[in-house]
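**Q** predicted model and sequence below, questions to follow.
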Amino acid sequence: MRRVSVFGSTGSVGVNTVNLLKRRPDLKVVALSGGGNIDLLAEQAKLLNAEIAVTAFDHKLDDLRAALAGSGIQVAAGRVALLEAAQRPSDWVMQAVVGFAGLEISLAAATQGGILALANKESLVCGGALLQQTCAAHGTRLLPVDSEHSAIYQCIGTQEKEVERIILTASGGPFLKATRAEMERATPEQAVAHPNWDMGQRISIDSASMFNKAMEMIETHVLFDVTPEQIEVIVHPQSIVHSMVGFTDGAIMAHLGPPDMRAPIGFALNWPDRHDLPLERLDFGKLGTLTFQAPDPDLFPALRLAVQAMEMGGLAGTVFNAAKEQALDMFLARDIGFLDMARIVETVLNGATSGQDPTLDTIIAVDRDARQRALAAAG
């Protein structure tokens, strides 16, 4: 019986993962982790009969213990407990903890020698080299769970050497047709209203600013060993084509499917096989027109900043992400405007140096420094 764990089980990716796992009595669930939604975490743990449930927040331990009283499920809380749970023997780990905090969990899970299904962008953007080294050292297979990178992975297959370009599709988010003045005045409530995907607050706002796509550009650079010049972004509002790969003979392979995160999660869960998934099947007669357009670089400067970070190399991705996360915090607090986020990231990135060794301690130090400089840049 395969042993599986899910970190970030109460987030959007985690909930979809649990949705698939409850259909699989042949799998043994080892660990589940969540944040402050204790009721949902406890419900999931009992539904899947997990060995242990962990909340990231120490002060929530008593609540979790009470919610799981009499169930026989172990409970724990805090950073150390999360890392210990990630090091429990598992054949398949979903790492869906959002943000820089997920990097340590990814590194811990990568020591298990099974499959690391990775939905945490920051692990690759901030610590891609270190994570890949850890996976290689322990024989761990890293499978991307972002819908775009799962699509790219499936399109490439065994033809890595023949890849000429990779085309990431972007929905355009809620501000695709907005003016610059409208984006300057945008509120967090407007930014979170994604037209196609049901995602968490932070990811939805990152999508609205295309910082999410910028992160995916850096992920693509790390995962598939391509240059910034080989990475393109095209706006595709219908979110049916999840990404495309162009090959040296001029052919382009595209991955199509409904905008449902259970598709890339299910691919990673069942790899190297394919099994039935409870997904809508595309009806091309009803689908109608699929459209594509170039993103406006003036309205979405995050894409240009991603190229800058890739060209800088070293730990510029760590700087990029830290400044972006700090700027997002300030936007959510209504201390800065929507377009101020890109201005802050650019200021911090321009003041960064590259070439640092990719050790965890160095990455953490660079992250901390970039966040402080982002606060200073906001005035």
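**A** Perfect, thanks for sending it. Residues are numbered from 1 along each chain as shown.
**Q** my guess is E84 meets G78, correct?
**A** No: here E84 does not reach G78: they are 9.8 Å apart, not a contact under C-beta atoms under 8 Å. Any C-beta I mention is one placed from the backbone N, CA and C, and that applies to glycine too.
**Q** who touches both of these two?
**A** Residues touching both E84 and G78 (C-beta atoms under 8 Å, 6 or more residues apart in numbering): none.
**Q** L130 contacts I363, correct?
**A** Yes: shown here, L130 and I363 form a contact pair, counting by C-beta under 8 Å, at 7.1 Å.
**Q** those two: which is more packed in?
**A** More crowded of L130 and I363, by other C-beta atoms under 10 Å: I363, with 23 against 20.
**Q** list the contacts for the more buried one?
**A** Contact partners of I363, counting by C-beta under 8 Å, 6+ apart, are 103, 126-127, 130, 315, 318.
**Q** all strands of the stretch 201-350 of the chain, in order?
**A** All strands of the stretch 201-350 of the chain, identified by DSSP state E, counting those that start in this stretch, fall at 231-235, 241-247, 252-256.
**Q** got TSV for those strands, with mean neighbour count, mean pLDDT and distance to M210 too?
**A** TSV is the format used below for the strands of the stretch 201-350 of the chain (neighbours: other C-beta atoms under 10 Å; pLDDT from 0 to 100; distance: least, C-beta to C-beta, whole Å):
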stretch	mean neighbour count	mean pLDDT	distance to M210
strand 231-235	19	97	8
strand 241-247	22	97	15
strand 252-256	16	97	20
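**Q** so which of those strands is nearest P297?
**A** strand 231-235 (10.0 Å; C-beta to C-beta).
**Q** now for the closest one, which elements pack on it?
**A** Strand 231-235 sits against strand 163-170, helix 211-224, with contacts defined as 3 or more C-beta pairs under 8 Å, 6 or more residues apart in numbering; DSSP states H and E.
**Q** could you rerun that using 10 Å?
**A** Applying 3 or more C-beta pairs under 10 Å, 6 or more residues apart in numbering; DSSP states H and E, one finds that strand 231-235 contacts strand 163-170, helix 211-224, strand 241-247, helix 302-312.
**Q** what separation is there between G337 and R185?
**A** Here G337 is placed at a distance of 7 Å from R185 (C-beta to C-beta, to the nearest Å).
**Q** out of those two, which sits in the busier spot?
**A** A side-by-side neighbour count of G337 and R185, using other C-beta under 10 Å, places G337 first with 15 against 12.
**Q** could you list every residue that touches that one?
**A** Contact analysis of G337 by C-beta atoms under 10 Å, 6 or more residues apart in numbering lists 183-187, 330-331, 343.
**Q** any chance of those in a markdown table with distance to F267 and pLDDT as columns?
**A** Listed next are the contacts of G337 as a markdown table, based on distance: C-beta to C-beta, whole Å; pLDDT from 0 to 100:
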| residue | distance to F267 | pLDDT |
| --- | --- | --- |
| M183 | 34 | 92 |
| E184 | 39 | 93 |
| R185 | 40 | 93 |
| A186 | 34 | 92 |
| T187 | 36 | 93 |
| M330 | 36 | 97 |
| F331 | 33 | 96 |
| R343 | 38 | 97 |
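**Q** specify which member of the residues you listed is nearest to D369.
**A** M330 (17.0 Å).
**Q** nearest residue to the closest one other than its sequence neighbours?
**A** Distances taken as C-beta to C-beta, 6 or more residues apart in numbering put I336 closest to M330, at 4.6 Å, once the chain neighbours are dropped.
**Q** now that neighbour: how far from S90?
**A** 40 Å.
**Q** ok, the two, which is more surrounded?
**A** The residue with more neighbours, out of I336 and S90 and counting by other C-beta under 10 Å, is S90; that gives 24 against 19.
**Q** now do the same for A263: its pLDDT.
**A** You'll see A263 listed with a pLDDT of 96.
**Q** hang on, isn't it packed against I240?
**A** No: if you go by C-beta atoms under 10 Å, A263 and I240 don't touch, sitting 11.5 Å apart.
**Q** okay, and the common contacts of the two?
**A** Shared contacts of A263 and I240, counting by C-beta under 10 Å, 6+ apart, come down to 255, 257.
**Q** what part of the chain, helix or strand, is modelled with the least confidence?
**A** The least trusted helix or strand in the chain, going by mean pLDDT, DSSP states H and E, turns out to be helix 201-209, with a mean of 87.
**Q** list the buried ones in that helix?
**A** 202-209 (16 or more other C-beta atoms under 10 Å).
**Q** nearest to S71, of the helices and strands packed on strand 231-235?
**A** Judging the helices and strands packed on strand 231-235 by C-beta to C-beta, what sits closest to S71 is helix 211-224, at 36.6 Å.
**Q** so where's the stretch 101-250 of the chain uncertain?
**A** For the stretch 101-250 of the chain, the stretches with pLDDT under 70 are 194-199.
**Q** correct me if wrong, but A76 is in a strand.
**A** Yes: checked against DSSP: H, G, I helix; E, B strand; the rest coil, A76 lies within a strand.
**Q** can you tell me the SS state at the closest residue to it other than its chain neighbours?
**A** Ranked by C-beta to C-beta, 6+ apart and with sequence neighbours excluded, the top spatial neighbour of A76 is V54, at 4.7 Å. Counting by three-state DSSP, the backbone at V54 sits in strand.
**Q** thinking V54 is in contact with A85, fair?
**A** Yes: look at V54 against A85 with C-beta under 10 Å: they come within range, at 5.0 Å.
**Q** shared neighbours of those two, anything?
**A** 5, 7, 31-33, 74, 76.
**Q** looking at neighbours, which among those is most surrounded?
**A** L32 (31 neighbours).
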